[in-house]
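Student: For reference, the sequence and a predicted model appear below.
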Number of protein chains: 2
Amino acid sequence: MPGGNLDLTFQALADPTRRAMVERLSLGPASVSELAQPHAMSLPAIVQHLALLEASGLVASEKVGRVRTCRIAPAALCLAEQWFNQRRAEAEQRLDRLGEHLRKYPDGEPR
Amino acid sequence: MPGGNLDLTFQALADPTRRAMVERLSLGPASVSELAQPHAMSLPAIVQHLALLEASGLVASEKVGRVRTCRIAPAALCLAEQWFNQRRAEAEQRLDRLGEHLRKYPDGEPR
DNA sequence: GTTATACTTAGGTAATTGCTTAAGTATGGA
DNA sequence: TCCATACTTAAGCAATTACCTAAGTATAAC
């Protein structure tokens, strides 16, 4: 049960390198070196970013032979997306109530 | 034209205090002290969190008299949500292609 | 005018982050 | 067997973060 942690998820996504890695993995699995290739950065740095992505549950990986293959784990992505949906739902609900209130009492408030 | 920065947006949301503040503001505007009230933390700390939320474009505020009123700015929220939508769209597209491929070539690959 | 309120500004500090280089460890190929 | 590949581990370092306390500055109320 990795994932479930919005702190780690959003923190992982706050870094442009890590976000690029997730974007890359959205297009399909990749090895660590493939993930590293577009970035002007040492491999250990990439591995550290990857570790954070795995800790957040956004990415999973498995090693076969000497190459580690990484892929996105949609669950954590969904969880974060849901957070936004909830916030928007609440905000919209509030605006709806406000609208109805204004419709009922077009000028002064009752209270 | 604030907002537009996913780095700042996700970084802002990575902190539980700031996320709680956004959650609170989704329910309606609030003053700085109201935002601070649920948190066991000094007011300057809250103000710093608020500054980051404003820098990210997630929250806007205006001061009238001696009270600053804060409210969420839906635009930045949408932008982040869109990022997730894109990632999911790409991942799904890929899985669709994979599915079709498997339908066409149920066992061995052609290549 | 005095005092309380609602922030605001200015430091300071311990912990965390995002890198780096150097030196491993397996695995696969010639 | 030797060597290249694909990571992995360890240690270190500058910058950033998330707080804090103390001391402001405007408003509002009395």
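Tutor: Noted; the coordinates are in hand.

Student: Which stretches in chain A count as strands?
Tutor: Ranges of strands in chain A, per DSSP state E, are A:30-31, A:59-64, A:67-72.

Student: Would you mind listing the buried residues in the second one?
Tutor: Pointing back at strand A:59-64 there. Buried residues in strand A:59-64, counted by 16 or more other Cβ atoms under 10 Å in any protein chain shown: A:59, A:60, A:61. Backbone N, C-alpha and C define where each C-beta goes, glycine included.

Student: any idea which of those residues is closest to chain B?
Tutor: Distance to chain B across these (Cβ to the nearest Cβ) is lowest for residue A:59, with 11.8 Å.

Student: Take the strands of chain A and write them to a markdown table, including distance to DNA strand C and mean pLDDT.
Tutor: Shown next, in a markdown table, are the strands of chain A (distance: least, Cβ to the nearest atom of the strand, whole Å; pLDDT from 0 to 100):
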| stretch | distance to DNA strand C | mean pLDDT |
| --- | --- | --- |
| strand A:30-31 | 12 | 98 |
| strand A:59-64 | 7 | 97 |
| strand A:67-72 | 8 | 97 |
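
Student: Nearest approach to chain B belongs to which of the ones you listed?
Tutor: The nearest among the strands of chain A, by Cβ to the nearest Cβ, is strand A:67-72 at 6.3 Å.

Student: Listing partners with orientation, what would you give for that closest one?
Tutor: Partners of strand A:67-72 in the sheet, by DSSP bridges, are strand A:30-31 (antiparallel), strand A:59-64 (antiparallel).

Student: who touches the shortest one?
Tutor: So the one you mean is strand A:30-31. Residues outside strand A:30-31 that contact it (Cβ atoms under 8 Å, 6 or more residues apart in numbering or on different chains) are A:24, A:67, A:68, A:69, A:70.

Student: Please indicate which of the residues you listed are buried?
Tutor: Buried among the contacts of strand A:30-31 by 16+ other Cβ under 10 Å: A:24, A:68, A:70.

Student: returning to that earlier point: could I get the strands of chain A in TSV, plus columns for distance to residue B:82?
Tutor: Output for these, formatted as TSV (distance: least, Cβ to Cβ, whole Å):
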stretch	distance to residue B:82
strand A:30-31	23
strand A:59-64	21
strand A:67-72	17
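
Student: need the contact list for the closest residue in space to residue A:32 that isn't next to it in sequence.
Tutor: Excluding its sequence neighbours, the residue lying closest to residue A:32 (Cβ to Cβ, 6 or more residues apart in numbering or on different chains) is residue A:68, at 5.1 Å. Residue A:68 sits next to A:31, A:32, A:61, A:62 when contact means Cβ under 8 Å, 6+ apart.

Student: Noted, bye for now.
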